[in-house]
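>>> Output the structure for:
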Amino acid sequence: MRAVIQRVLHARVRVGQRVVSEIGPGLLIYLAIGRNDTFRTAEALAAKIASLRIFNDEHGKMNRSLIESVAAALVVSEFTLYGDCRKGRRPNYMLAAPHAQAREIYEFFARALASCGLKVSTGEFHAMMEVESVNDGPVTLLLDSDRLF
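Below is the predicted model of the structure:
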């Protein structure tokens, strides 16, 4: 499982002209599900993201987690995070999970994040989305459940 997380002042997802979801301060999480990922993988990554100390405390130090900051999360499915560009000019997505598996684990991940006591919104799985955000910091982190980075 791979995630790009960005600390944001606000973020919004549109499908066509319809606003699907939006949040105020919190994290925009682009999430990709790999072929070998399981519910256990999703649960562990959700707990990790919820507890990362990347929000400022009263002294301006990144010392608070998403949970402690009472911020929200917006989770957007992003299979292209598994795009392998090492050969040729067309990314290879063979490591990304098939559609049905990815949807099930993506939805489970969002529920696991919410079970940490967070307000969680999602994009629309398998839709062409427009994602708008205003980064805070900017703070952007890459996470990989296989610890490749």
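>>> Show the average pLDDT along stretch 9-16.
Mean per-residue pLDDT for stretch 9-16: 98.
>>> Could you pull out the buried residues of it?
By neighbour count with 16 or more other C-beta atoms under 10 Å, stretch 9-16 contains the buried residues 10-14. C-betas here are computed from N, CA, C, even on glycine.
>>> Let me see the contact set for the nearest residue to residue 51 once chain neighbours are set aside.
Excluding the flanking residues, the one nearest residue 51 by C-beta to C-beta, 6 or more residues apart in numbering is residue 65, at 4.8 Å. With contacts defined as C-beta atoms under 8 Å, 6 or more residues apart in numbering, residue 65 is in contact with 50-55.
>>> Out of the residues you listed, which is nearest to residue 148?
Set against residue 148, the nearest of the contacts of residue 65 by C-beta to C-beta is residue 52 (17.8 Å).
>>> Can you report how many residues lie near that closest one?
Neighbourhood size, residue 52 [other C-beta atoms under 10 Å]: 19.
>>> quick one: it and residue 141 touch, right?
Yes - if you go by C-beta atoms under 8 Å, residue 52 and residue 141 touch, sitting 7.3 Å apart.
>>> Can you identify each of the helices in this protein by residue range?
Along the chain, the segments classed as helices by DSSP state H run 39-51, 66-69, 99-114.
>>> helices and strands around the shortest one, which ones?
Read that as helix 66-69. Applying 3 or more C-beta pairs under 8 Å, 6 or more residues apart in numbering; DSSP states H and E, we find helix 66-69 packed against strand 26-32, helix 39-51, strand 55-56.
>>> on that earlier part again, tell me the residues that contact both of residue 52 and residue 141, please.
Common neighbours of residue 52 and residue 141 are listed as residue 5 (criterion: C-beta under 8 Å, 6+ apart).
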